[in-house]
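Trainee: need coordinates for the following:
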Amino acid sequence: MHDDDHEPADMPHRDPSTWQMLLEWLQPYQANLYAAGLSFAIALLRGLHAGGRFYKSLLEATLVGGLTLALKPLLDWGGLDQDMAVAIGAAIAFLGVEWLRAKSDAIFDKVLGRWLH
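Mentor: Predicted structure coming up:
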């Protein structure tokens with residue numbers, strides 16, 4: 001028996017259209033994935049460039065990606081184009097989560113300070 005006569009085994013469990021179905025399923029989420037992915041990459045590179053540890057940079061990048069995803073419905077509620085999430089997410093990624101937290105804490109204290117004092 002020669003190896004040349006051997007035909008490849010059938011793979012009934014593998015559907016060649018699986019990748020096509022996956023891409024079709026992800027199509028409605030393309031803008032969300034783009035915005036979160038870009039902000040994630042920018043934050044990760046910024047953190048590593050600043051000399052941060054890898055895991056801390058990875059955690060901050062994950063937070064920035066999540067914040068960017070959270071911005072999308074907020075922009076829709078405000079009547080703004082959801083594609084602005086890409087620019088806002090990139091800005092947050094460039095400035096950093098700690099900068100955003102400090103600014104939001106200052107605004108929160110200022111607004112609540114009016115009612116609490």
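
Trainee: secondary structure element holding the residue nearest the centre of the chain?
Mentor: Central residue of the chain (CA atoms, centre = their mean): residue 36, 2.1 Å from the mean position. Using DSSP states H and E, residue 36 sits in helix 30-49.

Trainee: which residues sit against that helix?
Mentor: 26, 54, 56-58, 60-69, 71-72, 82-83, 85-86, 89-90, 92-94, 96-97 (CB atoms under 8 Å, 6 or more residues apart in numbering). All C-beta spots, glycine's among them, are computed from the backbone N, C-alpha and C.

Trainee: in helices, which of those residues appear?
Mentor: Mapping the contacts of helix 30-49 onto helices (DSSP state H) picks out 26, 54, 56-58, 60-69, 71-72, 85-86, 89-90, 92-94, 97.

Trainee: how deep is residue 96 tucked in, by neighbour count?
Mentor: Neighbour count of residue 96, defined by other CB atoms under 10 Å: 18.

Trainee: report the buried residues of the one helix or strand in the chain whose mean pLDDT sits lowest.
Mentor: None of the helices or strands of the chain scores lower by mean pLDDT, DSSP states H and E than helix 97-116, at a mean of 87. For helix 97-116, a neighbour-count test (16 or more other CB atoms under 10 Å) marks 97, 100 as buried.

Trainee: helices or strands up against that helix?
Mentor: On a contact count with 3 or more CB pairs under 8 Å, 6 or more residues apart in numbering; DSSP states H and E, helix 97-116 meets helix 54-77.

Trainee: any stretches of this protein with poor pLDDT?
Mentor: Residues of the chain meeting the criterion pLDDT under 70: 1-12, 117.

Trainee: what about 80?
Mentor: The model of the chain has pLDDT under 80 over residues 1-16, 82, 113-117.

Trainee: ok now the helix holding residue 36, how far from the chain's centre?
Mentor: Taking CA atoms, centre = their mean, to the nearest Å, one finds the center of helix 30-49 at 6 Å from the center of the full chain.

Trainee: CA atoms only: put that helix into CSV for me.
Mentor: Coordinates of each C-alpha in helix 30-49 appear next as CSV, following Å, rounded to 0.1, in the frame of the first residue of the first chain:
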residue,chain,number,x,y,z
GLN,A,30,-17.3,46.2,15.1
ALA,A,31,-17.3,49.9,16.2
ASN,A,32,-17.4,48.9,19.9
LEU,A,33,-14.5,46.5,19.5
TYR,A,34,-12.5,49.1,17.5
ALA,A,35,-13.0,51.8,20.1
ALA,A,36,-12.2,49.6,23.1
GLY,A,37,-9.3,47.9,21.3
LEU,A,38,-7.7,51.1,20.2
SER,A,39,-8.0,52.7,23.7
PHE,A,40,-6.7,49.4,25.2
ALA,A,41,-3.6,49.5,23.0
ILE,A,42,-2.9,53.2,23.6
ALA,A,43,-3.2,52.8,27.4
LEU,A,44,-1.0,49.7,27.4
LEU,A,45,1.7,51.3,25.3
ARG,A,46,1.6,54.5,27.4
GLY,A,47,1.9,52.6,30.6
LEU,A,48,4.8,50.6,29.4
HIS,A,49,6.5,53.6,27.9
